[in-house]
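Engineer: coords below, sequence missing:
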């Protein structure tokens, strides 16, 4: 559920949203009868080991005070109960904040997938796409937007507590080019029953948030141009 008040991140050059990448892993083995597994190279068994092993990157390779997420979100293989298939395809997402962490995660990802595939006798095809970079707020711009928000909404407690999440936003591309501040405007309204989380089938928002957001965006831009 979105917050009820405008929010922004005042920390020095720290991300508010993670960078997003997609992953596709295709394992090719040797199909055959499920009753004679010794005559096959089972890509499903290899896929299962890959899924488990990838979780060790976040738990054993990334420092505890750093962040990363590797989620395998789909696996497609096989057509019937008694046939070991030829291929298995996995898809998912990688999320990181720090470019150094991302580099290490990608290196370990490839080492683990290729190592397990080779051990299990499978051929492997990997595809990793960078979708969006992390959203990194500039401290000076954030402080300016905070002052604008406090002036524009004097009766509102503007939240400034650190808020980091692994959701991704294409605002990151803009902030690679220019300094900026990604702020959030709350839209939940219990009285109107508009309080469902994002991606919930009943999600909707109070359209008053459009007025609030547009006013803050325009006023913040004007104030920044004055400096």
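Structural biologist: In hand now; what should we look at? Predicted model only: the values in this text are computed from it and were never measured. Residues are numbered from 1 along each chain as shown.
Engineer: Now do the SS call for residue 35.
Structural biologist: Here residue 35 is coil, with the state taken from DSSP: H, G, I helix; E, B strand; the rest coil.
Engineer: and it, what is it in contact with?
Structural biologist: The contact partners of residue 35, taken as Cβ atoms under 8 Å, 6 or more residues apart in numbering, are residue 82. C-beta: built from backbone N, CA, C; applies to glycine.
Engineer: What are the boundaries of the strands in this protein?
Structural biologist: Ranges of strands in the chain, per DSSP state E, are 14-17, 19-28, 32-33, 68-77, 83-84, 87-96, 123-132, 135-137.
Engineer: Off-centre distance for the first one?
Structural biologist: In terms of Cα atoms, centre = their mean, to the nearest Å, the centre of strand 14-17 is found 11 Å from the chain centre.
Engineer: and it, what does it pack onto?
Structural biologist: strand 135-137 (3 or more Cβ pairs under 8 Å, 6 or more residues apart in numbering; DSSP states H and E).
Engineer: rerun at 10 Å
Structural biologist: Judged by 3 or more Cβ pairs under 10 Å, 6 or more residues apart in numbering; DSSP states H and E, the packing partners of strand 14-17 are strand 135-137, helix 139-152, helix 171-177.
Engineer: And the average pLDDT for the last one is what?
Structural biologist: The reference is to helix 171-177. The average pLDDT for helix 171-177 rounds to 90.
Engineer: Which other helices and strands does that helix contact?
Structural biologist: The elements that helix 171-177 packs onto, with contact taken as 3+ Cβ pairs under 10 Å, 6+ apart, are strand 14-17, strand 123-132, strand 135-137.
Engineer: Quickly compare these and say which is most buried.
Structural biologist: Among these, strand 135-137 has the highest mean neighbour count (mean count of other Cβ atoms under 10 Å), at a mean of 24.
Engineer: Would you mark the buried spots in stretch 98-113?
Structural biologist: Within stretch 98-113, the residues that qualify as buried are 98, 101, 102, 104, 105, 106, 108, 109, 112, 113, counting by 16 or more other Cβ atoms under 10 Å.
Engineer: Scan the helices and strands of the protein for the one with the lowest mean pLDDT.
Structural biologist: Here the helix or strand of the chain ranked lowest by mean pLDDT, DSSP states H and E is strand 14-17, holding a mean of 79.
Engineer: related to what we said a few turns ago, now distance to residue 161 and pLDDT too, for the buried residues of stretch 98-113, in a markdown table please.
Structural biologist: Shown next, in a markdown table, are the buried residues of stretch 98-113 (distance: Cβ to Cβ, whole Å; pLDDT from 0 to 100):
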| residue | distance to residue 161 | pLDDT |
| --- | --- | --- |
| 98 | 21 | 89 |
| 101 | 24 | 94 |
| 102 | 26 | 92 |
| 104 | 29 | 96 |
| 105 | 28 | 96 |
| 106 | 32 | 95 |
| 108 | 33 | 97 |
| 109 | 33 | 97 |
| 112 | 36 | 98 |
| 113 | 38 | 98 |
